[in-house]
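K.L.:
need coordinates for the following:
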Amino acid sequence: MKRHIKSMYIDLLTDNEKIIPTIARWYFEQWGNTEYIFSLEKEIEKLSKYLNHSKVPLILTVIKNNEFLGVAQIKEYEMEIYPEFKYWLGVFLSQKNIERKVLQKL
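P.N.:
Numbers count the residues shown, from 1 in each chain. Sure thing, here's the model as predicted:
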């Protein structure tokens, strides 16, 4: 399912399972021990549920020159306070990639 944007490409997490621990570490470093992320191991377990090709929840990975840059997540009903919004898109990049302005290129 690769979609190329200049020298970057977007692929499914299912096709890049080996980067789940990296994603979990990024999330844990960002949000730590909160009501959403209790431990690194639990986050790895949670992210493993996103391994599919065509249904929500779904994670897309962003890669450039074999370097993993970030993820985009498509989720359902992410925030209880907004029940009228069924689908949510979240994008996460490491701090290094924010500084490199990767999101603008996407």
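K.L.:
all strands for this structure, in order.
P.N.:
Counting by DSSP state E, the chain has strands at residues 3-5, 8-12, 58-64, 67-76, 87-93.
K.L.:
comparing those strands, which comes out most buried?
P.N.:
The highest mean neighbour count among the strands of the chain, using mean count of other CB atoms under 10 Å, belongs to strand 58-64: a mean of 19. C-beta here means a position set from N, CA and C on the backbone, and glycine is covered the same way.
K.L.:
what does that strand contact?
P.N.:
Contact with strand 58-64 is made by 7-13, 15-16, 19, 23, 47, 50, 52, 68-74, 93, 102, 106, as judged by CB atoms under 8 Å, 6 or more residues apart in numbering.
K.L.:
picking up where we left off before, may I see the strands of the chain organised as TSV, with mean pLDDT added?
P.N.:
What follows is those, written out as TSV (pLDDT from 0 to 100):
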stretch	mean pLDDT
strand 3-5	56
strand 8-12	87
strand 58-64	89
strand 67-76	88
strand 87-93	85
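K.L.:
can you lay out those as CSV showing distance to residue 43?
P.N.:
Below are the strands of the chain laid out as CSV (distance: least, CB to CB, whole Å):
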stretch, distance to residue 43
strand 3-5, 26
strand 8-12, 19
strand 58-64, 12
strand 67-76, 13
strand 87-93, 12
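K.L.:
brilliant, that's me finished.
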